[in-house]
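Engineer: no sequence on this one, just coordinates:
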């Protein structure tokens, strides 16, 4: 090989080496180094970028594990057979017992309740107390039958769009322990429900979620992404044109009544001392001898006043139409009860009502409701 050719070869190799090094350096400084953090998310540090990029893999498995074994299927036995099923969760334990929260309608009419743990063990429970209006109940089991206890969180700090999930037993035994997820779709929803089966007579303030809720999920927990219970699944909107509208009782509201439920004491509620009908119940009003003007489209009509009640000492008369309690509108009986039950026996409230199309007010001292 000639001398000039050798020199050219050396120069060529040197240039190739330098260019190769530059290429490798460029790749190196732009390489993304990935690590996994404790929550299961991937943390990627890019030197060509500013800051740290967090990529969440979307898994709720760690949060599900925190509450899964606290959730139980509940079987409502009547006449020695399962009449209905639902869900519940252990919210606390003491030295001897575990306490399971569920819905009133899950255990209503039960002669026996059987709880099925996540490991399929069956336990008979004791209903300590329940309330139809709250739609809540407490069941007691032996402490050594508790696998785990759910952590109670708060719904007040939750935001619309937050990830939530449910655990329950939709459609009965075969699908027990089902997990569904979604988001918090709404807060402070006022949903009218039927307690008597014939009319909408109660209003519940609830959380809304698009997580799948089906028969059997009732009483189970609504849980946030960190594994804390923020609500108690209670109902879903069932219409052919509606999808994924489930509702849960805020956990703060449930826990505020828990001592009464655990003790088996009836929840004390106030009453006005009247029998009533909705303005829309025209046939029943006619049978009671009450005729309203066509321009009255909302409110609650006084049909009868009980003796020695708060209403009997007020200015109310048969045929008056109650439209407000302490300046809060009451369009029907459901909303009247909702507003009324915010107060205690002995409280004095202001009633706004219509008589002869004129708006008037009167004060009523609330007395204790007696269930005859």
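Structural biologist: Good, I have the coordinates. Bear in mind the structure is a predicted one, so any value in this text is a computation, not a measurement.

Engineer: What segments of the stretch 51-200 of the chain are helices?
Structural biologist: Applying DSSP state H, counting those that start in this stretch to the stretch 51-200 of the chain gives helices spanning 61-68, 104-107.

Engineer: which helices and strands does the helix or strand encompassing residue 229 pack with?
Structural biologist: Under the criterion of DSSP states H and E, residue 229 resides in strand 228-236. Counting contacts by 3 or more Cβ pairs under 8 Å, 6 or more residues apart in numbering; DSSP states H and E, the secondary-structure elements packed against strand 228-236 are strand 81-93, strand 151-152, strand 163-168, strand 202-209, strand 221-224, strand 246-250, helix 251-255. For glycine as for every other residue, the C-beta is placed from the backbone atoms N, C-alpha and C.

Engineer: and if we set it to 7 Å?
Structural biologist: strand 151-152, strand 202-209, strand 221-224, strand 246-250, helix 251-255 (3 or more Cβ pairs under 7 Å, 6 or more residues apart in numbering; DSSP states H and E).

Engineer: Check what pLDDT the residue nearest to residue 349 when sequence neighbours are not counted gets.
Structural biologist: Excluding the flanking residues, the one nearest residue 349 by Cβ to Cβ, 6 or more residues apart in numbering is residue 326, at 5.3 Å. You'll see residue 326 listed with a pLDDT of 97.

Engineer: ok, now residue 221?
Structural biologist: Among the per-residue scores, residue 221 shows a pLDDT of 98.

Engineer: quick one, helices of the stretch 251-372 of the chain?
Structural biologist: Applying DSSP H, counting those that start in this stretch to the stretch 251-372 of the chain gives helices spanning 251-255, 258-263, 282-287, 333-340.

Engineer: Turn those into TSV, including mean neighbour count.
Structural biologist: Rendered in TSV, the data for the helices of the stretch 251-372 of the chain read as follows (neighbours: other Cβ atoms under 10 Å):
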stretch	mean neighbour count
helix 251-255	19
helix 258-263	16
helix 282-287	12
helix 333-340	22
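
Engineer: Tabulate those (a markdown table), appending mean pLDDT.
Structural biologist: Listed next are the helices of the stretch 251-372 of the chain as a markdown table, based on pLDDT from 0 to 100:
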| stretch | mean pLDDT |
| --- | --- |
| helix 251-255 | 96 |
| helix 258-263 | 95 |
| helix 282-287 | 94 |
| helix 333-340 | 94 |
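
Engineer: among those, which is nearest residue 79?
Structural biologist: When the helices of the stretch 251-372 of the chain are compared by Cβ to Cβ, helix 258-263 sits nearest residue 79, at 25.9 Å.

Engineer: Would you mind getting the angle between the strand holding residue 229 and helix 61-68?
Structural biologist: Angle between the axes of strand 228-236 and helix 61-68 is 70 degrees (criterion: axes from the mean of the first three to the mean of the last three Cα atoms, to 10 degrees).

Engineer: Report the strands that pair with strand 228-236, each with its relative direction.
Structural biologist: Next to strand 228-236 in the sheet, as set by DSSP bridges, lie strand 151-152 (parallel), strand 221-224 (antiparallel), strand 246-250 (antiparallel).

Engineer: Pick the most buried one from those.
Structural biologist: strand 221-224 (a mean of 29; mean count of other Cβ atoms under 10 Å).

Engineer: ok, back up a step: in CSV: the strands paired with strand 228-236, plus distance to residue 135.
Structural biologist: Listed next are the strands paired with strand 228-236 as CSV, based on distance: least, Cβ to Cβ, whole Å:
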stretch, distance to residue 135
strand 151-152, 18
strand 221-224, 14
strand 246-250, 7
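
Engineer: circling back: highest average neighbour count across the helices of the stretch 51-200 of the chain?
Structural biologist: Each of the helices of the stretch 51-200 of the chain was assessed for mean neighbour count using mean count of other Cβ under 10 Å. The highest is helix 104-107, with a mean of 23.

Engineer: Which residues does that one contact?
Structural biologist: Residues lying outside helix 104-107 but in contact with it, judged by Cβ atoms under 7 Å, 6 or more residues apart in numbering, are 74, 76, 86, 113, 127, 130-132, 134-137, 218-219.

Engineer: Could you rerun that using 8 Å?
Structural biologist: Applying Cβ atoms under 8 Å, 6 or more residues apart in numbering, the set of residues contacting helix 104-107 from outside is 74, 76, 84-88, 113, 127, 130-132, 134-137, 139, 218-219.

Engineer: Please apply the same query to stretch 328-345.
Structural biologist: Under the contact criterion Cβ under 8 Å, 6+ apart, stretch 328-345 has outside partners 133, 190, 192-193, 199-203, 205, 268-272, 276-280, 298-300, 322-326, 349, 366-368.

Engineer: Ends of it, what's the gap?
Structural biologist: For stretch 328-345, the first-to-last residue distance is 19 Å (Cα to Cα, to the nearest Å).

Engineer: And residue 35, what's its pLDDT?
Structural biologist: Residue 35 carries a pLDDT value of 39.

Engineer: returning to what we had before: tell me which of the contacts of stretch 328-345 fall in strands.
Structural biologist: Counting by DSSP state E, the members of the contacts of stretch 328-345 that fall within strands are 190, 192-193, 202-203, 205, 270-271, 276-278, 300, 322-325, 349, 367-368.

Engineer: for the helices of the stretch 51-200 of the chain, which one sits closest to residue 167?
Structural biologist: Judging the helices of the stretch 51-200 of the chain by Cβ to Cβ, what sits closest to residue 167 is helix 61-68, at 6.1 Å.

Engineer: would you turn the helices and strands packed on strand 228-236 into TSV with distance to residue 362?
Structural biologist: Formatted as TSV, the helices and strands packed on strand 228-236 follow (distance: least, Cβ to Cβ, whole Å):
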stretch	distance to residue 362
strand 151-152	42
strand 202-209	23
strand 221-224	41
strand 246-250	33
helix 251-255	30
